[in-house]
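**Student:** Give the three-dimensional model of this entry:
(one chain, ligands or ions: 1)
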Amino acid sequence: MTCSRCGAEFDVAKVRRKYEKEFDGLEYDWDFPSNDVCFECAECEARSNISEGIDVLSMKRGGFYDSDN
Ligand SMILES: [Zn+2]
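**Tutor:** As a prediction, this is how the structure comes out:
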């Protein structure tokens, strides 16, 4: 398989296994249903999704709460 993003050759089965080991709870087939993304690009995207999630969380935590009680 050739990565649709960077053009690298990769083995989907290996990338799937590595991805799911690296990102516990994520599924390669779910995140990349076309199976055309190499590990480096998949990892990059997963990390940016994770950091967006963290940003959302910290925004919620840093938001203004009426905590006078
Ligand atoms: Zn790639």
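
**Student:** State the number of residues packed around the nearest residue to Arg5 once chain neighbours are set aside.
**Tutor:** Excluding the flanking residues, the one nearest Arg5 by CB to CB, 6 or more residues apart in numbering is Cys41, at 4.3 Å. C-betas here are computed from N, CA, C, even on glycine. Using other CB atoms under 10 Å, Cys41 has 18 neighbouring residues.

**Student:** Just the pLDDT for Cys41.
**Tutor:** pLDDT recorded at Cys41 is 97.

**Student:** And it, how close does it get to the ion?
**Tutor:** Separation of Cys41 from the ion (CB to the ion, to the nearest Å): 3 Å.

**Student:** show me the contacts for that residue.
**Tutor:** Shown here is Cys41, whose contacts under the criterion CB atoms under 8 Å, 6 or more residues apart in numbering are 3, 5-6.

**Student:** Compare those and tell me which is most surrounded.
**Tutor:** Going by other CB under 10 Å, Cys3 tops those with 17 neighbours.

**Student:** Surely that residue touches Asn35?
**Tutor:** No. Cys3 lies out of contact with Asn35 (CB atoms under 8 Å); the separation is 10.4 Å.

**Student:** so how far is stretch 26-43 from its chain's centroid?
**Tutor:** Centroid separation for stretch 26-43 versus its chain: 8 Å, with CA atoms, centre = their mean, to the nearest Å.

**Student:** Dump the C-alpha coordinates for that stretch into CSV.
**Tutor:** Extracted in CSV, the C-alpha atoms of stretch 26-43 (Å, rounded to 0.1, in the frame of the first residue of the first chain):
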residue,chain,number,x,y,z
LEU,A,26,-8.0,3.8,18.9
GLU,A,27,-8.7,1.6,15.9
TYR,A,28,-6.8,2.1,12.7
ASP,A,29,-9.7,0.8,10.6
TRP,A,30,-12.1,3.2,12.3
ASP,A,31,-9.8,6.3,12.0
PHE,A,32,-8.6,5.4,8.5
PRO,A,33,-11.3,3.3,6.9
SER,A,34,-9.6,3.5,3.5
ASN,A,35,-6.4,2.0,5.0
ASP,A,36,-4.2,4.3,2.9
VAL,A,37,-2.3,6.1,5.6
CYS,A,38,1.2,5.0,6.8
PHE,A,39,2.1,4.9,10.5
GLU,A,40,3.9,8.2,10.6
CYS,A,41,1.0,10.1,9.1
ALA,A,42,-1.6,8.2,11.1
GLU,A,43,0.4,8.9,14.3
